[in-house]
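Novice: The sequence and its predicted three-dimensional model are supplied below.
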Amino acid sequence: MKLFAIALTLVCVLLMFFVKREYKLAIMFMSSILLSLVTLPFKGITASIVLSLGFFLSEMPYIHGHWRRIRKSIILPFIILVTVAFLTAVIASPHLHNISALGFFGLSELLAKQMALVYSFLALRRCRSLQPVLMVTFISLLLMTLVGIVNYVMGYSFFVEEFIDDSYEFIRASRFRVQATFNNPFNYGYMCVLLAILHLYGYMQKMEGRTMFAIAQACCLFGVFTCNCRTILFCYLVCALVYAMAVIKDAKLKLGVLTASLLLGVVFVILVPMGRKMLLNILSIFDPTAVSDGSSLSMRMTQLATVIYYISDSVLFGKGVHFFEEDLGWDNGSGLEVDTDLFGLEGIYLNLLLERGVVGFALFLATMLLIID
């Protein structure tokens, strides 16, 4: 399976030079769903990195046309912000002051991660440009869900074990979680939330039929529940409500949908025992005394306090990229860690504060606000 996945990745890279932009984006989306664990046999280059590089190189002949579009859009200040954040991280981190580390960080952080929004902007020039993405992600979602169902029945992910020799076995944990095609169950859950919103948009724009929409939503719900993460369920409910409020323009209809949603939620919680259990499980996220498989609000406050302690002498720029993995021994997970108070460092804001300081965190927030605006 590993060899097949690598071959598929290389074929997809070649396709970048022959297919239309919207199909390039669809291929990259597919790789995020099914090929997140694939690493090519040279210097740890992942599928997402090599596909992003393929997209970038294939679009170089059209750079002048792209620039004309970018300079008149919100994408230009976005590129400036992420470039400043990247350069700041490089200058402040001692782990990036060599060619090899700098090159890999540039590919993985800037090219494959931060520039993803730019690729979408270039590929989705019209509403109908999303059609290939919807079709490809639907097929990928079916395959991911099939792997997830097998994972749920067998108690472990054969798919993950094919790619990672020392993958964590959640069947031995106090709370079993389905991983499907991801090493981290949270990533599986977040992908399901994203795909649920994407296909809801596609259905509302009449780009996919009712049957396809229903199957997609059922697959996403399966992932949201079986990844067994309270935060994912909370995000799913909040994202669905926020999306509905953003799409509906009429103020009275918006208020009606909001009221109806809240009433249905109350009825569901009162009349259905599983609903009450689900609500209490979600609300326990905010309970400082609640513990779920080692995770609690008090633990997160301990993490924040520990991060503040570490950056007390470098508040502006933090301790540098890779400080958490290399200096504190979390490169291969818990077991060799220097400081157990970090508990794996849950939350991107904690990682940004620790490794990039207040400046890096502020730049990240600025990019998020720019996108939302």
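Specialist: Sure, I can see it.
Novice: Neighbours of the closest residue in space to Ala112 that isn't next to it in sequence, how many?
Specialist: Nearest residue to Ala112, sequence neighbours excluded (CB to CB, 6 or more residues apart in numbering): Ser52, at 4.2 Å. Every C-beta, even on glycine, is put in place using the N, C-alpha and C of the backbone. Using other CB atoms under 10 Å, Ser52 is surrounded by 24 other residues.
Novice: Met135 now?
Specialist: Neighbourhood size, Met135 [other CB under 10 Å]: 16.
Novice: Please apply the same query to the one 3 residues further on.
Specialist: By the other CB under 10 Å criterion, the neighbourhood of Phe138 contains 19 residues.
Novice: hang on, it packs against His199?
Specialist: Yes. In this structure, Phe138 is within contact of His199 by CB atoms under 8 Å, at 7.1 Å.
Novice: follow-up on the earlier one: which SSE is the residue nearest to Ala112 in?
Specialist: Using DSSP states H and E, Ser52 falls within helix 47-58.
Novice: helices and strands around that helix, which ones?
Specialist: Packing partners of helix 47-58 (3 or more CB pairs under 8 Å, 6 or more residues apart in numbering; DSSP states H and E): helix 2-15, helix 21-34, helix 116-123.
Novice: tell me the mean pLDDT over that helix?
Specialist: Throughout helix 47-58, pLDDT has a mean value of 95.
Novice: Now Met207: phi and psi?
Specialist: Backbone torsions for Met207, taken as degrees, to the nearest 10, come to phi -100, psi -10.
Novice: do you know how far it is from Cys239?
Specialist: In this view, Met207 and Cys239 are 20 Å apart by CB to CB, to the nearest Å.
Novice: cool, Asp313 as well?
Specialist: Asp313 is 39 Å from Cys239, where distance means CB to CB.
Novice: So for these two, which sits in the more crowded spot?
Specialist: Taking other CB under 10 Å, Asp313 and Cys239 do not tie; Cys239 has more neighbours (15 against 7).
Novice: Quickly find the element holding the more buried one.
Specialist: helix 230-247.
Novice: Give me the mean pLDDT for that helix.
Specialist: Mean per-residue pLDDT for helix 230-247: 83.
Novice: Stretch 219-226 now?
Specialist: 94.
Novice: ok, and for that stretch, which residues are buried?
Specialist: Within stretch 219-226, the residues that count as buried by 16 or more other CB atoms under 10 Å are Cys219, Cys220, Phe222, Gly223, Val224, Phe225, Thr226.
Novice: which parts of the helix holding Cys239 are buried?
Specialist: Residues Arg230, Thr231, Ile232, Leu233, Cys235, Tyr236, Leu237 are the ones in helix 230-247 that count as buried (16+ other CB under 10 Å).
Novice: ditto for stretch 94-107
Specialist: Residues of stretch 94-107 classed as buried by neighbour count (16+ other CB under 10 Å): His95, Leu96, Ala101, Phe105, Leu107.
Novice: Looking at these, which are in strands?
Specialist: Of the buried residues of stretch 94-107, none are assigned to strands by DSSP state E.
Novice: In helices, which of the residues you listed appear?
Specialist: Per DSSP state H, helices hold the following members of those: Ala101, Phe105.
Novice: So which of the buried residues of stretch 94-107 is the closest to Phe163?
Specialist: Lowest distance from Phe163 to the buried residues of stretch 94-107 (CB to CB) belongs to Leu107, with 19.7 Å.
Novice: Give me the distance between the closest one and Ser48.
Specialist: As for Leu107, its distance to Ser48 is 10 Å (criterion: CB to CB).
Novice: so how far does stretch 111-121 reach from one end to the other?
Specialist: One end of stretch 111-121 to the other measures 15 Å (CA to CA, to the nearest Å).
Novice: What residues sit buried inside it?
Specialist: Within stretch 111-121, the residues scored as buried using 16+ other CB under 10 Å are Leu111, Ala112, Gln114, Met115, Ala116, Leu117, Val118, Tyr119, Ser120, Phe121.
Novice: How much space separates the second one from Leu352?
Specialist: So that's Ala112. 18 Å.
Novice: before we move on, what about the first one?
Specialist: Between Leu111 and Leu352 the distance is 19 Å, computed by CB to CB.
Novice: The third one too?
Specialist: Plainly put, Gln114 is 13 Å away from Leu352 if you go by CB to CB.
Novice: And for the fifth one?
Specialist: For Ala116, the distance to Leu352 under the criterion CB to CB works out to 18 Å.
Novice: helix, strand or coil for Ser36?
Specialist: Classification of Ser36 using DSSP: H, G, I helix; E, B strand; the rest coil returns coil.
Novice: pretty sure it contacts Ala47?
Specialist: Yes. At 7.4 Å, Ser36 counts as touching Ala47 under the criterion of CB under 8 Å.
Novice: Give me the more crowded residue out of these two.
Specialist: Each of Ser36 and Ala47 has its neighbours counted (other CB under 10 Å); Ala47 has more, 26 against 18.
Novice: show me what contacts Asn228?
Specialist: Taking CB atoms under 8 Å, 6 or more residues apart in numbering, we find Asn228 in contact with Arg175, Phe176, Arg177, Val178, Pro185.
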